[in-house]
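Visitor: sequence first, then the predicted structure, then my questions.
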Amino acid sequence: MTRKAIVWAVATTVLLPVLGSCDSGPKAGELPVELVTPQAQLGAASFKVTATSPASIDSVVPVCQGCTVYMARVSDREVRGVVTGPFGPGPLIGVLVPDLSLRDAYAFQLFELAAPDYTLRNLTGSSLRIISN
């Protein structure tokens, strides 16, 4: 075996497993967010999602059955939105992010809640939070 062939054999034996096992880097995905509230039946909620650097927000999607999300992007790190449809406490939205490991970089603010007939409800005891794994 020539020296070149030996070097090639060693390099592929050592480097390919190392390169193949490289699984570092950001993993994009969805952060599930739940509504915590004493209100049983709701029809709308307005909210804001913010991210601290280096985190950012790609989009917001509904996760409650029969809900719709209307979203306005303020910046890469701020999104405001409204969820409509019949819902109550529990999973409400999914925040699509480029790096799931930065979950602590996201904050949520709930502005208003409305009943199914869109009369405003009291926000006392209500908040949005990431659902723990």
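Guide: Thanks, I have it.

Visitor: hey, where'd the strands end up in the chain?
Guide: Using DSSP state E, the strands of the chain run over residues 29-36, 42-51, 59-62, 68-75, 78-87, 90-97, 106-114, 120-121, 127-130.

Visitor: what angle do the second one and strand 106-114 make?
Guide: It stands for strand 42-51. Counting by axes from the mean of the first three to the mean of the last three Cα atoms, to 10 degrees, strand 42-51 lies at 160 degrees to strand 106-114.

Visitor: check contacts around residue 55.
Guide: Listed by Cβ atoms under 8 Å, 6 or more residues apart in numbering, the contact set of residue 55 reads 77, 97, 99, 102, 105-106. (Glycine included, C-beta is placed from N, CA and C.)

Visitor: now with 10 Å?
Guide: 26, 76-77, 97-99, 101-106 (Cβ atoms under 10 Å, 6 or more residues apart in numbering).

Visitor: what subset of those residues is buried?
Guide: 77, 97, 99, 102, 105-106 (16 or more other Cβ atoms under 10 Å).

Visitor: now the strands of the chain as CSV including mean pLDDT?
Guide: What follows is these, written out as CSV (pLDDT from 0 to 100):
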stretch, mean pLDDT
strand 29-36, 97
strand 42-51, 98
strand 59-62, 97
strand 68-75, 97
strand 78-87, 97
strand 90-97, 97
strand 106-114, 98
strand 120-121, 97
strand 127-130, 97
